[in-house]
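Asks: Any chance you can model this:
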Amino acid sequence: MNGYEVSDALWKRIEPLLPPRENSHPRGGGRKPVEDRKVFNAILFVARTGCQWKALDATGICSGSTAHLRFQKWTKADFFEKLWQAGLLAYDKKIGIGWRWQAMDGAMTKAPLGGEKNRAESDRPRKNRDETQHPDRAKRNSDRRGGHRREPA
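Replies: Coordinates of the predicted model:
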């Protein structure tokens, strides 16, 4: 295992939660689909590393487009929510969750000391984004701040 593959024992618990795969080929044929376990490993790889889906192509796990398409289908079928629930229940059964001590806060409010709404505008001129900077920018800025400037010898 390369660290991004689920164990056989874990896969036995995950596989029954997967939604049934439908063959969308008009005559029932088509290319054999990538195994669900490989796709699941690829999704875990993306979740753990934060890489882009297309970066999976270089890993050899499975193609990024396949993994992303299956991820979207599984998300729509609530697979990941069912997986989370099953994991939570298994943890509760084995170790126990202190439900009495759990709390959730979903409040979204403004910060009490977030500042005034109508504060003064800056006196500095706004620069254009595509404006090139002068090579002596640091020297000119120090002059504006009252910095010391060396006279040429």
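
Asks: where in this protein is pLDDT low?
Replies: Scanning the chain for pLDDT under 70 picks out 1-3, 28, 102, 107-108, 111-153.

Asks: Show me where it has its helices.
Replies: With helices called from DSSP state H, the chain shows them at 8-14, 36-49, 64-76, 79-94, 137-144.

Asks: tell me the most buried of those?
Replies: Mean neighbour count, computed with mean count of other CB atoms under 10 Å, is highest for helix 36-49 among the helices of the chain, reaching a mean of 18. No exception for glycine: its C-beta is placed from N, CA and C like everyone else's.

Asks: how about the CA coordinates for that one, as PDB?
Replies: Only the C-alpha atoms of helix 36-49 are listed here, as PDB (Å, rounded to 0.1, in the frame of the first residue of the first chain):
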ATOM      1  CA  ASP A  36     -14.700   1.500  -7.400                       C
ATOM      2  CA  ARG A  37     -11.900   0.800  -5.000                       C
ATOM      3  CA  LYS A  38      -9.300   2.400  -7.300                       C
ATOM      4  CA  VAL A  39     -11.500   5.400  -7.700                       C
ATOM      5  CA  PHE A  40     -12.100   5.700  -4.000                       C
ATOM      6  CA  ASN A  41      -8.300   5.600  -3.500                       C
ATOM      7  CA  ALA A  42      -7.900   8.300  -6.000                       C
ATOM      8  CA  ILE A  43     -10.500  10.500  -4.300                       C
ATOM      9  CA  LEU A  44      -8.700  10.000  -1.000                       C
ATOM     10  CA  PHE A  45      -5.400  11.000  -2.700                       C
ATOM     11  CA  VAL A  46      -7.000  14.300  -3.800                       C
ATOM     12  CA  ALA A  47      -8.500  14.900  -0.400                       C
ATOM     13  CA  ARG A  48      -5.200  14.200   1.400                       C
ATOM     14  CA  THR A  49      -2.800  16.000  -0.900                       C
END
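
Asks: Which strands and helices lie in contact with that helix?
Replies: Helix 36-49 sits against helix 8-14, helix 64-76, with contacts defined as 3 or more CB pairs under 8 Å, 6 or more residues apart in numbering; DSSP states H and E.

Asks: and if we set it to 6 Å?
Replies: helix 64-76 (3 or more CB pairs under 6 Å, 6 or more residues apart in numbering; DSSP states H and E).

Asks: so what does the helix it packs on touch, helix or strand wise?
Replies: Looks like helix 64-76 contacts helix 36-49 (3+ CB pairs under 6 Å, 6+ apart).
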